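Enquirer: here's my sequence, what's the structure:
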Amino acid sequence: MLGVFGFLIVGIIVFLLLKKITVPSIAFIAVPTVIVLIAGYTGFLPETALMNGKVLESFSFLTVGRFIKLGVRGTYETAALFIFSITFFCLMDDAGVFDRIIGGLAKKAGNNVILVCMLTTLIAMIGHLDGSGASTFLITIPAMYPVFKRLKMRNTSLMLIATSAMGVMNLLPWGGPTLRAASVIDMDAGELWQSILPMQGIGIVLAFAVSYLVGRREISNGAGYDPDYTPVLSAGGAPERSAGDKSFQRPKLFWFNIALTLGAVATLCFVKIPAFYIFMIATAITLLVNYPGGKLQSARVGAHAKGAMMMASTLLAAGVLLGILRQSGMMDAMGGTLVSVIPPFLGPYTAIIIGIFSAPLALAFDTDSYYYGVLPVVVKVAEAYGVPPVAVAITMVVCRNLACFISPMVPATLLGCGLAEVEINEHIKTAFFWVWGMSMIMLVSGVLLGIISTG
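Expert: As a prediction, the model looks like this:
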């Protein structure tokens, strides 16, 4: 029943978001809170499940509070990162930095929508070499968002291209999913990646193919260069300034602002300090240099506060959802329930079956729960039918990774949606079948190449 409660939470949330009945933050808070209270007070939440197996006093609303505290602790850094990164990039736009960059890119690209899509894929792949979804979105979305606007391309297409490229690059041996899977099956991450490498090569080709097809689709929808459009980065819902408003631009500080932006991105990639702290410092420097004086600084921050706070609240609300699912034991029970429904005669094909459904399951499981909760159970079931653990690990890593950044369980997804001004439900609707299709092609290629075996 604990697994059923977990799937019920996820199902209701997905329904509410897809039907636009409520905003994500309310769904993430209200639905799991109500369901866990029902489960707890009706006796379906065992004491041994409370607080990571530590037996506490009998279930109460205070128990739910502890779940939430631990969950929000895992998302507050991403929320802080979003607030200050959004403020920083919007201030850079106020200063006129993006106007000159977009003008140069648009001049070189002209009406070549497909070239812009391909460039977005390349930027996302290079940006994701460090394995961090948050930093990749921060590098890719602000750079390409104004270009997409100038060419009258949809924001949902920008997110689709970025997430498909990131899903493929997330297979690198220093990426979190490959490391987690390798640790579960007691295998060196480098060895596991070497087995995955041919499939990753196919995935890279697929990512560029997706960007080409998305570009063709955008052209058919009327995308093309708009000479009258004034590029404005209003990510996160910040109000756009009017076309004639030049009062906040700082053309004399252009190269300083460029150096500051590149310095922030380089620090993000190569220096091991918290990402949110990097943008805190960058934002402070931007305000002090470009907009001296408390009154002017307050006005510029206030102009972008609404959008930044809206997404930050969604990220913190996601912590409520994750805390309840993890700490109550629902996430682990969901994994066991999932495996138990596989009929015995399909046992030898366990790896392939779990691969087929890995993309949909990405919407229900966060990364840790998927690899540390579901993977060990699937490995045990598959071993009984002679399926090697490495085959299961490869299938689950490859097929799930493609859908990693459409999952609301991954905080970086919400960050990307906020930067691109895309609702999470619209992102899922737009990208899901694209990335699921990519994962299926890679699964078939793995079977044909002998990388994924059956019992």
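Enquirer: list phi and psi for P274.
Expert: phi -50, psi 130 (degrees, to the nearest 10).
Enquirer: what sits against it?
Expert: By C-beta atoms under 8 Å, 6 or more residues apart in numbering, P274 lies in contact with E77. For glycine as for every other residue, the C-beta is placed from the backbone atoms N, C-alpha and C.
Enquirer: what about it, distance to A284?
Expert: Separation of P274 from A284 (C-beta to C-beta, to the nearest Å): 15 Å.
Enquirer: just L213 next, same as before
Expert: L213 is 43 Å from A284, by C-beta to C-beta.
Enquirer: now swap in K152 and tell me
Expert: 35 Å.
Enquirer: what about F15, neighbour count?
Expert: F15: 12 surrounding residues under other C-beta atoms under 10 Å.
Enquirer: now for it: which residues touch it?
Expert: By C-beta under 8 Å, 6+ apart, the contact set of F15 is I21.
Enquirer: 6 Å instead?
Expert: For F15, the contact set (C-beta atoms under 6 Å, 6 or more residues apart in numbering) is empty.
Enquirer: read off the pLDDT value for it.
Expert: The confidence metric pLDDT takes the value 80 at F15.
Enquirer: ditto for I9
Expert: 86.
Enquirer: with G244 instead?
Expert: In this model, G244 is scored at 43, pLDDT.
Enquirer: ditto for the one 3 residues further on
Expert: In this prediction, S247 carries a pLDDT score of 77.
Enquirer: strands of the stretch 151-300 of the chain, residue ranges please.
Expert: Taking DSSP state E, counting those that start in this stretch, the stretch 151-300 of the chain contains no strands at all.
Enquirer: so where's it uncertain?
Expert: Applying pLDDT under 70 to the stretch 151-300 of the chain flags residues 174-175, 225-246, 269.
Enquirer: buried sites along stretch 169-177?
Expert: 169-173, 175-177 (16 or more other C-beta atoms under 10 Å).
Enquirer: pull the distance from that stretch to the chain's centre.
Expert: Its chain's C-alpha centre and that of stretch 169-177 lie 14 Å apart, by C-alpha atoms, centre = their mean, to the nearest Å.
Enquirer: with stretch 21-37 instead?
Expert: Chain-centre distance of stretch 21-37: 20 Å, with C-alpha atoms, centre = their mean.
Enquirer: avg pLDDT for it?
Expert: Rounded mean pLDDT across stretch 21-37 is 87.
Enquirer: could you export it as CSV, CA atoms only?
Expert: Output in CSV follows, covering the C-alpha atoms of stretch 21-37 (Å, rounded to 0.1, in the frame of the first residue of the first chain):
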residue,chain,number,x,y,z
ILE,A,21,-5.7,23.1,-12.5
THR,A,22,-3.1,24.6,-10.2
VAL,A,23,0.4,25.9,-10.2
PRO,A,24,3.3,23.4,-9.5
SER,A,25,4.2,24.8,-6.0
ILE,A,26,0.7,24.3,-4.7
ALA,A,27,0.5,20.7,-6.2
PHE,A,28,3.9,19.8,-4.7
ILE,A,29,2.9,21.0,-1.3
ALA,A,30,-0.8,20.0,-1.0
VAL,A,31,-1.0,16.6,-2.6
PRO,A,32,1.8,14.8,-0.8
THR,A,33,0.9,16.4,2.5
VAL,A,34,-2.8,15.2,2.3
ILE,A,35,-1.8,11.7,1.1
VAL,A,36,0.9,11.1,3.7
LEU,A,37,-1.5,12.2,6.5
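Enquirer: how much space is there between the closest residue to I202 other than its chain neighbours and L361?
Expert: Leaving aside its sequence neighbours, I202 sits nearest to S445 (C-beta to C-beta, 6 or more residues apart in numbering; 5.0 Å). Distance of S445 to L361, given as C-beta to C-beta: 20 Å.
Enquirer: when those two are compared, which one has more neighbours?
Expert: L361 (21 against 18).
Enquirer: pull up the gap between A124 and F137, please.
Expert: Distance from A124 to F137, by C-beta to C-beta: 9 Å.
Enquirer: would you agree A412 is in contact with S135?
Expert: No - with contact defined as C-beta atoms under 6 Å, A412 does not reach S135; the gap is 8.9 Å.
Enquirer: just name the closest of the buried residues of stretch 169-177 to G222, please.
Expert: Among these, M169 lies closest to G222 (C-beta to C-beta), at 31.0 Å.
Enquirer: which ones are touching that closest one?
Expert: 125, 128.
Enquirer: against R150, how distant is it?
Expert: Per C-beta to C-beta, M169 is found 26 Å from R150.
Enquirer: got it, and T314?
Expert: T314 sits 28 Å away from R150, going by C-beta to C-beta.
Enquirer: which phi and psi does S328 have?
Expert: The phi/psi pair for S328 (degrees, to the nearest 10) reads phi -80, psi -10.
Enquirer: for it, grab the count of nearby residues.
Expert: Using other C-beta under 10 Å, S328 has 29 other residues around it.
Enquirer: do L129 as well
Expert: 13.
Enquirer: pretty sure A362 contacts R400?
Expert: Yes - counting by C-beta under 6 Å, R400 is a contact partner of A362 at 5.4 Å.
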